[in-house]
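# Got a sequence here, can you model it:
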Amino acid sequence: MELRSIEAFVRVAELGSITRASRDLGIVQPALSRHIQRIETEIGTPLLVRLPRGVQLTLAGRRFLQHSRRILQEVARAAEEMNIGGDCLSGRVVVGISPTLSSLLTPGLIERCASTYPAINLTIVEEFTRRLQTDLVNGQVDLALLTNPPPNRALRFTAVLTEPIVVVMPRHSRGVSPVVTLDELASTPMLVTRGIRAMVDEQLAPHGVCIEVDCEIDAVEAIRRMLLRGRGASIMPISAFRKEIDDGLLTGLAVGGVNLSRTIMLSHVGDKVSAAAHAVMGLLRAEIDSLAQRGLFSALPDTSSHWAQPQQRGLAGAA
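Numbering: from 1, shown residues only. I've put the predicted structure just below:
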């Protein structure tokens, strides 16, 4: 199995479209499709379902995507370790992380940096994607993890993570169905950040649906506290509320009939990356990989068998 084929599969899976992946990778669509077909032939099962608009991962495809990411991360880390000596690295590295990821990644990243590169002075900046993109271009941030960033010729992007977006609400505010229909999503007021609202509405547009907003709150912790107090519903990347969902404090629900997700890009300006920043990039990938292996970015249990349930209006007790 060729590394290039694995890279092609990961990009198609992250973008949900062979057409978009073809443009992004600079590979013609027939050649990109052949890469995917070779993998499917080797492992003996389909990885993608071709839809009228894009593609969707099969169950085998979701599993293979996890393995593929780990393979690419290991290759990247091996290359960095061969080219960068860690013992004498020093300097200041400023890393920008979005609020939905910062509380998850920051503690482990700081610990890894302190133990592996004690002479590196690591600074963490928590901002939303558009502000971080500006900070990168202006030289105020060396590296940033951006969520579905718009194109920018000045920046280099490397996809490091794709995770599902789910509806989150207080415990006991939902019946037996573990899936939110598109009708329910369009009729239930949500507590959202501006960035998540724009991203979700863009992905819902082909379905003729947009989310109903109760209140825009650009503070993830405030939304968390409101949900824990039994107030409202939200729509967020799974990792932002994974602990509360797994602990039974909040309820997480998949959205049926659409593959809502976000892609996290590790970004920096052109080739202007110091050796210390390169080292921190490796630490970031290692921390994300560690969290992924613990299931923090994994989808909720497969609920495709429930998608055909009759649609309802609103989520009982959510608002």
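# can you tell me the helix or strand for Arg69?
For Arg69, the enclosing helix or strand under DSSP states H and E is helix 59-83.
# After that helix, heading C-terminal, what element do we hit next?
strand 91-97.
# Each with direction, which strands does that following strand pair with?
In the sheet, strand 91-97 lines up against strand 120-126 (parallel), strand 143-147 (parallel) (DSSP bridges).
# Pull out the buried residues from the very next helix or strand once past it.
Using DSSP H and E, the helix or strand that follows strand 91-97 in sequence is helix 99-116. Buried positions in helix 99-116, judged by neighbour count with 16 or more other Cβ atoms under 10 Å: 99-106, 108-109, 112-113, 116. Heads up, the C-betas are built off the backbone N, CA and C, glycines and all.
# could you pull out the helices for the stretch 201-319 of the chain?
Using DSSP state H, counting those that start in this stretch, the helices of the stretch 201-319 of the chain run over 220-228, 242-246, 275-293.
# Please work out which of the ones you listed is packed deepest.
helix 275-293 (a mean of 20; mean count of other Cβ atoms under 10 Å).
# about what we covered before: can you say which of the strands paired with strand 91-97 is packed in most?
Among the strands paired with strand 91-97, strand 143-147 has the highest mean neighbour count (mean count of other Cβ under 10 Å), at a mean of 22.
# That strand vs helix 99-116, what angle?
In terms of direction (axes from the mean of the first three to the mean of the last three Cα atoms, to 10 degrees), strand 143-147 departs from helix 99-116 by 150 degrees.
# Domain-wise, how is the protein divided?
3-80, 87-161+262-293, 163-261+300-306 (automatic domain parsing).
# Output those domains as JSON lines; include the columns mean pLDDT.
Formatted as JSON lines, the domains of the chain follow (pLDDT from 0 to 100):
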{"stretch": "domain 3-80", "mean pLDDT": "84"}
{"stretch": "domain 87-161+262-293", "mean pLDDT": "90"}
{"stretch": "domain 163-261+300-306", "mean pLDDT": "87"}
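# coming back round to it: let me know which of the strands paired with strand 91-97 is the nearest to Leu59.
strand 143-147 (25.6 Å; Cβ to Cβ).
# and the closest one, C-alpha only, in PDB?
Coordinates of each C-alpha in strand 143-147 appear next as PDB, following Å, rounded to 0.1, in the frame of the first residue of the first chain:
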ATOM      1  CA  LEU A 143       1.800  28.000  14.700                       C
ATOM      2  CA  ALA A 144      -2.000  27.700  15.000                       C
ATOM      3  CA  LEU A 145      -4.700  25.000  14.900                       C
ATOM      4  CA  LEU A 146      -7.400  26.400  12.700                       C
ATOM      5  CA  THR A 147     -10.900  25.100  12.200                       C
END
